[in-house]
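**Q** no sequence for this one, just the structure:
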């Protein structure tokens, strides 16, 4: 796990908004309001958690709602210690929004990129390559 610089966290937020943000939705307080307000099609609650559990990525980015803190990990976070956070792969194929209102309203939320099929396929190729490299190293190959 590695903590990303604040400037990189801000850039990730900008990229995320470019895909999942919708004009007319106030996301200043909470980025996930685009989902709770119906501005972007998503799964909610248990369905969101199931969809998230079924996804793989070569790396997972965790972005705080304040857009100032982010970290990268190769292990999918099952829960996030931040009260409001987004989890997504670097190519933004999908996103999981954990909220301080999970279980109360409709959260958490899971949404996919309009080009999710292509982006998920690219993620799976990267995962396969990484596993092949790890297997080769385990055999002593360089």
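**A** Good, I have the coordinates. Predicted model only: the values in this text are computed from it and were never measured. Residues are numbered from 1 along each chain as shown.
**Q** In space, what's closest to the spatially most central residue of the chain - neighbours in sequence excluded?
**A** Nearest to the mean C-alpha position of the chain, by CA atoms, centre = their mean, lies residue 88 at 1.5 Å. In this structure, residue 88 finds its nearest non-sequential neighbour in residue 95, 4.2 Å apart by CB to CB, 6 or more residues apart in numbering. To be clear about C-beta, it is placed using only N, CA and C from the backbone, and glycine gets the same treatment.
**Q** and if you look at residue 90?
**A** residue 59 (5.8 Å).
**Q** tell me the contacts of that neighbour?
**A** 72, 73, 74, 89, 90 (CB atoms under 8 Å, 6 or more residues apart in numbering).
**Q** of all those, which comes closest to residue 135?
**A** residue 74 (15.7 Å; CB to CB).
**Q** quick one: the residue nearest to the centre of the chain from residue 97, how far?
**A** Using CB to CB, to the nearest Å, residue 88 is found at 9 Å from residue 97.
**Q** count of neighbours near the residue nearest to residue 87 when sequence neighbours are not counted?
**A** When the adjacent residues along the chain are set aside, residue 87 lies closest to residue 96, with 4.5 Å between them (CB to CB, 6+ apart). Other residues within reach of residue 96 by the criterion other CB atoms under 10 Å amount to 26.
**Q** In the helix or strand of the chain with the lowest mean pLDDT, which residues are buried?
**A** When the helices and strands of the chain are scored by mean pLDDT, DSSP states H and E, helix 33-36 comes last with a mean of 93. Neighbour-count burial for helix 33-36 flags 33, 34, 35, 36 (criterion: 16 or more other CB atoms under 10 Å).
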